[in-house]
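Novice: Could you work out the structure for the sequence below:
(chains A, B and C)
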Amino acid sequence: MSGQTADPYHVWISEIMLQQTTVTAVVPYYHAFLMRFPTVERLAAAPLDDVLAAWAGLGYYSRARNLYRCAGDIVRRGGFPRDVEGLQSLPGIGPYTASAIAAIAFGVPVVPVDGNVERIVARVFAIEEPLPGARRKLGREALRLNGETEARNRPSDFAQALFDLGATVCVPRTPQCLLCPWVVSCAAHKAGIQAQLPAKTPKAARPERHGVHFLLVDEAGQIVLRRRPDKGLLGGTVELPGTPWRDAPWPLPEAFELAPGGPRHPWRVAGTVRHVFSHFALMVTVCVARVRTMPNLLPEEGFVVPAVQAEGLALSSLMRKCLGTGLEALGNEPTA
DNA sequence: AATGCGGGGTG
DNA sequence: CACCCAGCATT
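Specialist: Residues are numbered from 1 along each chain as shown, chains lettered A, B, ... in the order given. Model (predicted):
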């Protein structure tokens, strides 16, 4: 598997399979796949279902669909693009995979930067800037590392050597520094921080907020909705009536006081819905109740609409989730 | 910028 | 057994 002779079809298949997937998981699939689809032409000519069947068990099945679309594109254009930009324009091929194919199949002097390479580079140069912000910097340093190695003029060998090192020695949690050929020049090892790198931006600690929303259904299949104010979060969208969203969870009796038609309905908990906004996460408890006839509602409590018309309204994805949870619970309930 | 997409490995 | 992993497409 060295140098400029690797078949781009083989490289492409293996790189797609190796996205988010370990080598040991890929190997049997890879061989079986190439037996079944020996060339890109044979792949493009096969039924999609055959391709999906060959992929079954590997996960991330959009990879298989993109692979199939991509095979058609490649055959139509008469072969693989031989540069990063052309490769990246193909479905399922992003920045990493485009660089990997270019380097390994075509000897283009680029360094494909995957998680392994990011980890190795962050450690060798002790780069403490967290990912993903440091991605560009790590890519530049990977190029610099390439220039300092014996394999500098063999992009394919350099890339594959880095993958091997990252997969077997410079592993995420417990790097095997005693086995590492670069231990003496590794800045992170020298500082004793190799296991802490690469750093990652702490996932923005979003405060969690809580609310309770209500799905009230009458015998005619009507429900109560209300419109949010035009300004602010989810402005102008339609929602199930509910409590304000606050930091503390709502004890149900307290929430029921704010339910449409008041607390005197047979409310029960249908489930919870979690939704992440940019600046906080929301946990919604969805409560449902069936009534024979709709109570009279104050205008601010909402309006009555047949449930089947709800999906035509401006429901946010949060409220679609809540409505779905509520309707599902009602559907499972023996009609009283 | 954040999320969903699968399955396998790890602590 | 909950958590973690980290390319690409989509939103």
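Novice: Sketch out the helices for the stretch 51-200 of chain A, chain order is fine.
Specialist: A:62-77, A:84-88, A:95-106, A:115-124, A:135-147, A:155-168, A:187-191 (DSSP state H, counting those that start in this stretch).
Novice: quick one, which of these is nearest to DNA strand B?
Specialist: Comparing the helices of the stretch 51-200 of chain A against DNA strand B with C-beta to the nearest atom of the strand, the closest turns out to be helix A:62-77 (5.2 Å). Bear in mind the C-beta positions are built from the backbone N, C-alpha and C, glycine included.
Novice: got JSON lines for the helices of the stretch 51-200 of chain A, with mean pLDDT, distance to DNA strand C and mean neighbour count too?
Specialist: Output for these, formatted as JSON lines (pLDDT from 0 to 100; distance: least, C-beta to the nearest atom of the strand, whole Å; neighbours: other C-beta atoms under 10 Å):
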{"stretch": "helix A:62-77", "mean pLDDT": "96", "distance to DNA strand C": "6", "mean neighbour count": "17"}
{"stretch": "helix A:84-88", "mean pLDDT": "96", "distance to DNA strand C": "7", "mean neighbour count": "17"}
{"stretch": "helix A:95-106", "mean pLDDT": "94", "distance to DNA strand C": "3", "mean neighbour count": "24"}
{"stretch": "helix A:115-124", "mean pLDDT": "92", "distance to DNA strand C": "3", "mean neighbour count": "23"}
{"stretch": "helix A:135-147", "mean pLDDT": "91", "distance to DNA strand C": "10", "mean neighbour count": "17"}
{"stretch": "helix A:155-168", "mean pLDDT": "90", "distance to DNA strand C": "8", "mean neighbour count": "20"}
{"stretch": "helix A:187-191", "mean pLDDT": "93", "distance to DNA strand C": "16", "mean neighbour count": "17"}
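Novice: where are the low-confidence patches of chain A?
Specialist: Along chain A, segments meeting pLDDT under 70 span A:1-5, A:202-206, A:231-232, A:277-279, A:332-336.
Novice: near DNA strand B, which residues of it?
Specialist: Selection of chain A residues close to DNA strand B by C-beta under 7 Å from any atom of the strand yields A:20-22, A:24-25, A:57-62, A:173-174, A:204, A:276, A:278.
Novice: residue contacts, the residue of chain A at minimum distance from DNA strand C?
Specialist: Residue nearest to DNA strand C within chain A (C-beta to the nearest atom of the strand): residue A:94, separated by 2.2 Å. When contacts are counted by C-beta atoms under 8 Å, 6 or more residues apart in numbering, residue A:94 touches residue A:88.
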